[in-house]
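S.K.: Give me a 3D structure for the following:
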Amino acid sequence: MQDEVNDKVVSLCIKGGKISAQILKNAITKALAKMEQDKRLEQQKAATKKQQKTAAAYRGKQSMRKLKAGKCELSNIEITDGNIKSFEKYARKYNVDYSLQKDKSTQPSRYFVFFKAKDVDSMTAAFKEYTGWQMNKDKKVSIRKKLAKAIERVAKHRERAKTKSKDRETTL
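M.R.: Residues are numbered from 1 along each chain as shown. Next comes the predicted model:
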C-alpha cells in the first residue's frame, strides 16, 4: 500500500499517425524539462514569499539583535520622558525600525531610541509630530476639570434660583 501512495502517475498524450521510439523519447524529455521548469518556478515563488515574510516580520519596535541584523549603521536619540508608549504610535506611522534601551545607571532613568541610519528622515518627522502632540496635550484642559467646572456652575445656578424664590415669597 505504501508503494502505491509514493508512486506518481504522469500521462502523456501524443498525436501522430505512427509513433516511433525516437518520437516517444523526445516527447518524454520535453515533458520532463517542462516539469523541472515548473518545479523551479514553484521553488522561486516559495523563496520570494519567505523573503517577504522575513523582511516584513521585523518592522517597528524590535530587539537590538534584530535591528543590528540589517547590517545598517545605527543612530540613537536620548529621551528622558518615560511615556514611550505614545511615541510608538508615531513610529509605526512613519515605518521606523527602532529599539528602546533603558539606561539604569542614572537616577532619573533615561531611554535611548536606536534606529537605522537610513530612517533618519522618518525618525525626525515622527519625533516632530510626537513633540507637537505632546505640546498640544499640555495646552488642552482635561475633561475631568471641565466636568468639575460645569458641576460648580450648576450648583451656583441652583443656589441663585433658591434665593430668588425665597425673596419673592417674602415680598408678597
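S.K.: how far out from the middle of the chain is the helix ranked longest in the chain?
M.R.: Looking across the chain with DSSP state H, the single longest helix is helix 21-57. Relative to its parent chain, helix 21-57 has a centroid offset of 34 Å by Cα atoms, centre = their mean, to the nearest Å.
S.K.: packing partners for the next helix or strand after it?
M.R.: Beyond helix 21-57 in the direction of the C-terminus, DSSP states H and E gives the next helix or strand as helix 64-68. Contact analysis of helix 64-68 by 3 or more Cβ pairs under 8 Å, 6 or more residues apart in numbering; DSSP states H and E lists strand 98-103, strand 110-116 as its packing neighbours. Glycine gets a C-beta too; all of them are placed from N, C-alpha and C.
S.K.: do you know which of those lies nearest A148?
M.R.: strand 110-116 (33.9 Å; Cβ to Cβ).
S.K.: what pairs with the closest one, and is each one parallel or antiparallel?
M.R.: Its sheet considered, strand 110-116 pairs with strand 74-79 (antiparallel), strand 98-103 (antiparallel) by DSSP bridges.
S.K.: can you dump the C-alpha coordinates of it into CSV?
M.R.: In CSV, the C-alpha atoms belonging to strand 110-116 read as follows (Å, rounded to 0.1, in the frame of the first residue of the first chain):
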residue,chain,number,x,y,z
ARG,A,110,16.8,57.7,30.6
TYR,A,111,15.7,55.9,27.4
PHE,A,112,17.7,55.6,24.2
VAL,A,113,15.9,55.1,21.0
PHE,A,114,18.2,53.3,18.5
PHE,A,115,17.2,53.3,14.9
LYS,A,116,18.7,52.6,11.5
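S.K.: From the rest of the structure, what touches that strand?
M.R.: 64, 67, 70, 72-82, 84, 87, 96-103, 123 (Cβ atoms under 8 Å, 6 or more residues apart in numbering).
S.K.: any idea of the mean pLDDT for it?
M.R.: On average, the pLDDT along strand 110-116 is 81.
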